[in-house]
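In: have a look at this prediction, sequence included:
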Amino acid sequence: MDKELTVGLDRKDLKVSFADRVLGRSMEIRPDLLILASAMVPDAEKTPLARLYKVFLNDDGFFAEAHVKLRPVDFATDGIFVCGLAHAPKSMDESIAQAQAAAARAVNILAKDFVHISPLVSQIDVEKCDGCGVCTEVCPFGAIILEDTVGAGNRADYRSKNIMALCKGCGLCAASCPQKAIDMLHFRDRQIVASICSVV
Ligand code: SF4
Ligand code: SF4
């Protein structure tokens, strides 16, 4: 059935008009009863959850997968998967199929003794870091934390620490650090400057 569907009342009769792609022509039926599917709206409570797990919501307010075709049940944050109505309105069959896919993805991780991560991650020079916390605010993947280096609870002793397994190498933290205390491995400032100098 085509998406274009009109419903109207014609001399007190219910009339439904639509284009049938199989038959290749316009159709018109007069049903006794017309039942429309209930609207599904995303739960507004999702937003704090999305912030907590550093996952994204789409424009409609449902959880967004990392990539529609390449990673349809993965979130951008590693190790977290999406399925069912949290993702979008869908039938029970589709929800079950997606849940099986998400479970298979999770097992793929759990079955390994270790996982490989990208070498393109941030590296923090704690000697330069003053613990301002800007990097922890900007990191979209929760890959940097502030750590009390002395353990006395003194704010001045806090320094940032990156969790390489979570880092996606986006470079936001390095670009935001006011102390220039963060380098991106394999894309350090001096490496980029050397590349530029080699061609000018
Ligand atoms: S932004 Fe820079 S100075 Fe501030 S906490 Fe992060 S690494 Fe340290
Ligand atoms: S490079 Fe990106 S993902 Fe990695 S710690 Fe910095 S902001 Fe977070």
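Out: The structure has been received and is ready for your questions. Ligands and ions are numbered 1, 2, ... in the order given.
In: when you work out contacts or count neighbours from here on, use the C-alpha atoms and nothing else.
Out: Noted.
In: what lies in contact with stretch 168-177?
Out: Contact with stretch 168-177 is made by 118, 120-122, 134-136, 138-139, 141, 180-184, as judged by CA atoms under 8 Å, 6 or more residues apart in numbering.
In: quote the end-to-end distance of it.
Out: In terms of CA to CA, to the nearest Å, the two terminal residues of stretch 168-177 are separated by 17 Å.
In: stretch 80-92 too?
Out: 21 Å.
In: so residue 84 is in contact with residue 98, correct?
Out: Yes. Taking CA atoms under 8 Å as the definition, residue 84 is a contact partner of residue 98 at 6.6 Å.
In: which bits of this structure sit near ligand 1?
Out: Those residues of the chain that sit near ligand 1, judged by CA under 6 Å from any ligand atom, are 124, 129-135, 159-160, 177-179, 181-182.
In: on that earlier part again, ok, so of the contacts of stretch 168-177, who is nearest residue 33?
Out: Residue 33 has its nearest neighbour among the contacts of stretch 168-177 in residue 141, at 50.0 Å by CA to CA.
In: what's around that closest one, how many residues?
Out: Residues near residue 141, counting by other CA atoms under 10 Å, number 21.
In: so how far is residue 162 from it?
Out: 11 Å.
In: which ones among the residues of the chain next to ligand 1 are found in strands?
Out: Among the residues of the chain next to ligand 1, DSSP state E puts 124, 159-160, 182 in strands.
In: of the residues of the chain next to ligand 1, grab the buried ones for ChimeraX.
Out: ChimeraX command restricting those to the buried ones, with burial defined by 16 or more other CA atoms under 10 Å:
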select :124,129,130,131,132,133,135,159,160,177,181,182
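In: in contact with residue 86, which residues?
Out: Contact partners of residue 86, counting by CA under 8 Å, 6+ apart, are 42, 62-63.
In: domain parsing for the protein?
Out: Listed by automatic domain parsing, the domain ranges of the chain are 1-36, 46-110, 122-199.
In: any chance of those domains in TSV with mean pLDDT as columns?
Out: As requested, these are arranged in TSV below (pLDDT from 0 to 100):
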stretch	mean pLDDT
domain 1-36	80
domain 46-110	93
domain 122-199	93
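In: ligand 2 is nearest to which of the ones you listed?
Out: The closest of these to ligand 2 is domain 122-199. By CA to the nearest ligand atom, the value is 3.6 Å.
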